[in-house]
Each structure stands twice: as structure tokens, then as C-alpha cells.
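Enquirer: Structure for the following, please:
(4 chains)
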There are 2 protein chains.
Amino acid sequence: MIDFESNIPYYVQLTSALKERIRLSRWEPGKKIPGEMDLCQEAGVSRTVVRQALRELELGGLIVRRKGKGAFVSEPKINESLVQELTGSFQDMAERGLPSSTRVLHQRVVPCTDKVARYLNVSPGTRVVDIDRLRFVGKAPIQLVNSYVPFDLCPALANVDLTNRSMYEFLEQECGLWISRGRRYLEAVAANEVEARLLEIDKGTPLVCLDSISYLENGTAIEYYHALHRGDRSRFEVELLRTRAQSQGLNSAEADIEKLPQIDANFR
Amino acid sequence: MIDFESNIPYYVQLTSALKERIRLSRWEPGKKIPGEMDLCQEAGVSRTVVRQALRELELGGLIVRRKGKGAFVSEPKINESLVQELTGSFQDMAERGLPSSTRVLHQRVVPCTDKVARYLNVSPGTRVVDIDRLRFVGKAPIQLVNSYVPFDLCPALANVDLTNRSMYEFLEQECGLWISRGRRYLEAVAANEVEARLLEIDKGTPLVCLDSISYLENGTAIEYYHALHRGDRSRFEVELLRTRAQSQGLNSAEADIEKLPQIDANFR
DNA sequence: TAGCCCTACTTGTTCAGACCAGTTCAGTTT
DNA sequence: AAACTGAACTGGTCTGAACAAGTAGGGCTA
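Expert: Predicted coordinates:
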């Protein structure tokens, strides 16, 4: 169960192993999972490690723990790919089995504008890799993404083909750039003419405008992007958690999915 | 600094104390905070407690920790009220000092529809408290909220005056119902006639449609709401964190604020 | 001087053990 | 039969200690 020779921390290994069991539905939602002491024995590690792993699962929304009773697989089952990723929605869609594709509109190195500079926290005019992409689910264009990455942080990005590849995956695997935090802003806007043409919708149609800034562990801004999603084909999901410490640790993720049946509230 | 007689866990007290120091800007963004051992001495607790408190702060996005160097107040400073709350945006606005008010349109006990029943995970027809509210910032109507709470979980809710009070606050303080998790869905929609009239905008104007389900610690769904926010006056913010365990702990919150200056990306 | 290594300091991971506080349930008392 | 008691479970909090691993700086060597 745990490779004691590996340099991967035990609790990370345990977390993965338990997550796997839950994902494969060996444990049904609502089912009690083994007690902490049982897991200690089974995995051959101390309670510290087991508790740290369980904490990760709790933060990931996979389990609920209750004093005096035990830990249980979360009832309202969370789609793991949602909680999992800080990555873009492209991966989410791919994981759902929806055929998705990307068309790269621009990919160039340019001096950044003042506004992008402010978001990336660099001097205006600093060279950035500017990549504009149009993304499809099936044959329908769904989102228009305009992303910026400081050139010096990853020169290789200027020439890589992102048609069938996630930028996050590239940054992480090829450049060793680990994204640890991010902030996203969402609002609703109306499509202008250019946007309408690209997304094959009428001018004025509601769009979700998403601005995102991602940071490395040391606080360096690694990427800023501005994305427009078709409102009638996109839905964003956020998962929140509160801990007893009032301040709560929270939990979230985002995803695009085919629009679910609309809820008929009074006003709609 | 820490009340050893209190029944509040030391790490919770320490978390609050440190948070206070950061909030009051005794420590500037980017500044290194005292080492773990220093905090142990200062607070008179073990390293476990200090680390647990620092972990909370890290999850809350208030600090960044780096092996071998220390912990630092987050550079891109996070608005605390954002990270803080799983509560509604009403409190957020109030905390920002914007004059906000609420008009209760309906407040009644009704058998729930099939769709609401599905969201709340109860039998169709179960009695729910149905509260419809229109919320203002200044004199402008900003959001239209349609919320449902199972009547049996909190009968008192049927008669309380929520004009100047947050529902979450009421549920927590008066009913002892602690919300531990929630899930929210966002999309962009166009205002229909009724919505347009209530929000004092033109029909077809983009709105953010927000659906939310909140859960108690035991997994019981406590509230479902469907809200419509004026797209040109609302902006939602999500803060994400990833832990080394791949699976990430994340972090998020939401808020309404006066719309910030628009970013001019290529397409806007 | 340029480069290397050693040391001291930091956070990260792990251990073994202790006690507290809810939960459950069987057994006893009323 | 109903109510109380207490032991045996669970997860929650805390201690003190140890070693690993990244960082920074001083001092030595080439």
C-alpha cells in the first residue's frame, strides 16, 4: 500500500490510495471508512500520517469526519475532476469524455500592455507570450481565451503547439513551473460583434467573462488570462468548505459542462 | 495571547490572533512572519499547535510558506471577507461599507416542487420555507434571490424578519445550524421581462445566475437558492489553492462589488 | 577573486504517547 | 419499563522529540 523507499511522503501516498478506493466506488457514498487506528495498522504508519491523509480527503470534499462516530464518504458526491483541478476547464471537458478541440488564433511574443502588466505584477512593456485560443466542444465554439505568460519565465511556451495540449500541463511537466494558487473573477457580459462571430452566436448574447491570475509557490504571477464562455453552454461550479476554525478552509473548482436542465424558479 | 483555561482549542485561538495581526497590517504583505519556534515560545505552545494555526492561515490564503525560508504574508493580498465566508454576498457588501438593503418579496411555507426537492434531497411536496428577496446596493437593485429551506429543519425561519438580517446568521445563531459545506453553480443568462422590471434594467441584459446548495456537517442539505445578479454590477471572485498532495486544498469565496474597471483584452 | 563546502537556520515529515470529548451500547438501578 | 452508569469505541487536540530537506551566509580553498 505504501512504498517506504519512495521519496514521496507517506501521507501523500496514503491520500492517493484512499482516493482511489473511493473513486472506484469500493466504498459507497455514506459508507463509514475504516477508523484511524485501523488505517494505521493496515498502512503500517503512525496516526499522524493517517490523520494528515484524511485531512486532505476532507479538504477535497471526499469524506466527512465526525467525532465519536467515524469518517464517511461524502453523501452529495463531488465530481472529483472539479475539486481536483485548478487547471482550465479544457481538461475537465476532456475527462468527461466530451470531444473537445482547440484552435490557436495567435501565439506571439509581445511587450505587455499596462493592464496585463498590472495583473502579472511586472513592468509595463515586459515581454509576454500572448496566446489566443478558441475552444470547441464538438463543433460548437464555446470559449475564447486570451492568455499571457511572462516570456522570461518560460521562453519555450512561445513555440509549443497547444492545439491538443493544456498550457498548465506544459508549464508543469516541461518547464517545472508548479502553480500553487490562483484567483478568478467572473461576471456576465454581452457579446460584442467580434466575439459573436467567433462564438457563432448573436450579438448581445450573455457570456461569462472569466479573468484569472495564477501564481507559483513563491508568489510570482505566472499567467493571466481573460476568457469568454458562451453562457448557454457553460456552467461554473464552486465547492466551499468551512472548518471549525471559523476562518474555514475552503474548496473550489470550476468546470464547463453541457448546460444542465434549467431550474424553474419563480422568475424564470 | 492564549487563554489556557478556555475550551477553545489553542490552535484556533492562535489562528485568530495571527489573523488579527495581519489584518491590522502590523505585518506588511511580503513580510516574513516569526519562525515556528519563535511562535512556540511566544505563545507557550508546542510546534504542533503553531503549525496547525499556520496551516489554517495558509488555507485562508493569508500567508505563503516556503521550506527553508519561512512564512510570508501573502503578496497579492486577499480581501479577507472574501476568503472568510461561505455566507452570502450580502454580508460582504455590508463589510465593504456599501449601504445595502433588502426587500422581502415573499416569505411563505409551501410544498416544494420536484426540482427543489431534488436539490434539497427531500421528497417532493415536503414543506419548505420559500423566501424571495430583492437586494439593493444604494438605491440600485442588484440581486434577486429565491431561497428554500426545509421547514422541519428550521420552523422559526418562516416568521423571522430578514429585512436587515442575513439568513445564514439567523440559521447559525438562532437555530444552531452550522453550515459546513456548499456548492455553487454560476452561469450567464439574459434577463426576462419580470426580472428586468425588478432589477430596473433592459430585457435581455446579461445576468449572473447563481444556484447554491448548502449542507450541514452531517451532509443534510439545509438550503437551496437561485439568485440573479446584475451582470454590470456584480463580480464574483474565487480563490484557489493547491497542496503538494496533488489533490489540493482549495479556497474560495464570492462577492459582489461595484464593477471594477474593465480589462481591455483583444476582443473587448 | 571565484568557487566550494560546511554550518546554522528554516519549514516538512514522522513517530509514540497522552488526554479530551462525543457516541454507542450493554448492564444496572430505580 | 424507564432512566442512569460506565466502559469501549470514535475522532480532536496536544506534547516532545527526531530526522529530512531547502536556504543563506561565512569562511575556506584553488
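
Enquirer: For the rest of this, base every contact and every neighbour count on C-alpha atoms.
Expert: Will do.

Enquirer: Helix or strand: which one has the closest residue to A:Leu177 other than its chain neighbours?
Expert: Excluding the flanking residues, the one nearest A:Leu177 by CA to CA, 6 or more residues apart in numbering or on different chains is A:Leu171, at 5.4 Å. Under the criterion of DSSP states H and E, A:Leu171 resides in helix A:167-173.

Enquirer: packing partners for that helix?
Expert: If contacts are counted by 3 or more CA pairs under 8 Å, 6 or more residues apart in numbering or on different chains; DSSP states H and E, helix A:167-173 sits against no helix or strand.

Enquirer: Check whether stretch A:176-194 comes into contact with DNA strand C.
Expert: No - on the criterion CA under 7 Å from any atom of the strand, stretch A:176-194 is out of touch with DNA strand C, staying 12.2 Å away.

Enquirer: Pull out the buried residues from that stretch.
Expert: Across stretch A:176-194, burial judged by 16 or more other CA atoms under 10 Å in any protein chain shown covers A:177-192.

Enquirer: With stretch A:199-219 instead?
Expert: A:199, A:201, A:204-215, A:217-219.

Enquirer: So which of the residues you listed belong to helices?
Expert: A:Leu199 (DSSP state H).

Enquirer: Considering only the buried residues of stretch A:199-219, which also neighbour chain B?
Expert: A:204-208, A:217-219 (CA under 8 Å from any CA of the partner chain).

Enquirer: In a markdown table: the residues you listed, plus pLDDT.
Expert: Formatted as a markdown table, those follow (pLDDT from 0 to 100):
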| residue | pLDDT |
| --- | --- |
| A:Gly204 | 94 |
| A:Thr205 | 94 |
| A:Pro206 | 94 |
| A:Leu207 | 92 |
| A:Val208 | 87 |
| A:Glu217 | 73 |
| A:Asn218 | 69 |
| A:Gly219 | 72 |
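
Enquirer: Render the CA-only coordinates of the helix holding A:Leu171 in PDB, please.
Expert: C-alpha atoms of helix A:167-173 as PDB (Å, rounded to 0.1, in the frame of the first residue of the first chain):
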ATOM      1  CA  MET A 167      -1.000  25.000 -21.100                       C
ATOM      2  CA  TYR A 168      -0.900  24.100 -17.500                       C
ATOM      3  CA  GLU A 169       0.300  20.600 -18.300                       C
ATOM      4  CA  PHE A 170       3.000  22.100 -20.400                       C
ATOM      5  CA  LEU A 171       4.100  24.600 -17.800                       C
ATOM      6  CA  GLU A 172       4.200  21.900 -15.100                       C
ATOM      7  CA  GLN A 173       5.700  19.000 -17.000                       C
END
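
Enquirer: chain center to that helix: distance?
Expert: 13 Å (CA atoms, centre = their mean, to the nearest Å).

Enquirer: A:Lys31 - how many residues pack around it?
Expert: Neighbourhood size, A:Lys31 [other CA atoms under 10 Å in any protein chain shown]: 15.

Enquirer: Now do the same contact list for A:Glu193.
Expert: A:Glu193 makes contact with A:Lys203 under the criterion CA atoms under 8 Å, 6 or more residues apart in numbering or on different chains.

Enquirer: What score does it have for pLDDT?
Expert: Per-residue confidence for A:Glu193 comes out at a pLDDT of 96.

Enquirer: phi, psi of it?
Expert: phi -70, psi -40 (degrees, to the nearest 10).

Enquirer: how about stretch A:102-114 as PDB, C-alpha atoms only?
Expert: C-alpha atoms of stretch A:102-114 as PDB (Å, rounded to 0.1, in the frame of the first residue of the first chain):
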ATOM      1  CA  THR A 102      -8.700  24.000 -29.800                       C
ATOM      2  CA  ARG A 103      -7.900  26.400 -32.500                       C
ATOM      3  CA  VAL A 104      -4.900  28.700 -31.800                       C
ATOM      4  CA  LEU A 105      -5.700  32.100 -33.200                       C
ATOM      5  CA  HIS A 106      -2.500  33.900 -32.200                       C
ATOM      6  CA  GLN A 107       0.700  32.900 -30.500                       C
ATOM      7  CA  ARG A 108       3.300  35.500 -30.200                       C
ATOM      8  CA  VAL A 109       5.800  37.400 -28.000                       C
ATOM      9  CA  VAL A 110       4.800  41.000 -27.400                       C
ATOM     10  CA  PRO A 111       5.500  43.700 -24.900                       C
ATOM     11  CA  CYS A 112       2.600  43.600 -22.500                       C
ATOM     12  CA  THR A 113       0.100  46.400 -22.000                       C
ATOM     13  CA  ASP A 114      -0.100  48.300 -18.800                       C
END
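
Enquirer: need the contact list for A:His226.
Expert: A:145-147, A:209-212, B:265.

Enquirer: So which of these belong to strands?
Expert: Applying DSSP state E to the contacts of A:His226, the entries found in strands are A:145-147, A:209-212.

Enquirer: which of those residues lies closest to A:Ser46?
Expert: A:Ser46 lies nearest to A:Ser212 out of the ones in strands among the contacts of A:His226, by CA to CA, at 39.8 Å.

Enquirer: Tell me, what's the model's pLDDT at the closest residue to A:Asn146 other than its chain neighbours?
Expert: Spatially, and ignoring its direct neighbours in sequence, A:Asn146 is nearest to A:Asp132 (4.4 Å; CA to CA, 6+ apart). pLDDT recorded at A:Asp132 is 95.

Enquirer: quick one on the thing from earlier: can you redo the ones in strands among the contacts of A:His226 as JSON lines with distance to DNA strand D?
Expert: Shown next, in JSON lines, are those (distance: CA to the nearest atom of the strand, whole Å):
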{"residue": "A:Val145", "distance to DNA strand D": "33"}
{"residue": "A:Asn146", "distance to DNA strand D": "31"}
{"residue": "A:Ser147", "distance to DNA strand D": "28"}
{"residue": "A:Cys209", "distance to DNA strand D": "36"}
{"residue": "A:Leu210", "distance to DNA strand D": "32"}
{"residue": "A:Asp211", "distance to DNA strand D": "29"}
{"residue": "A:Ser212", "distance to DNA strand D": "26"}
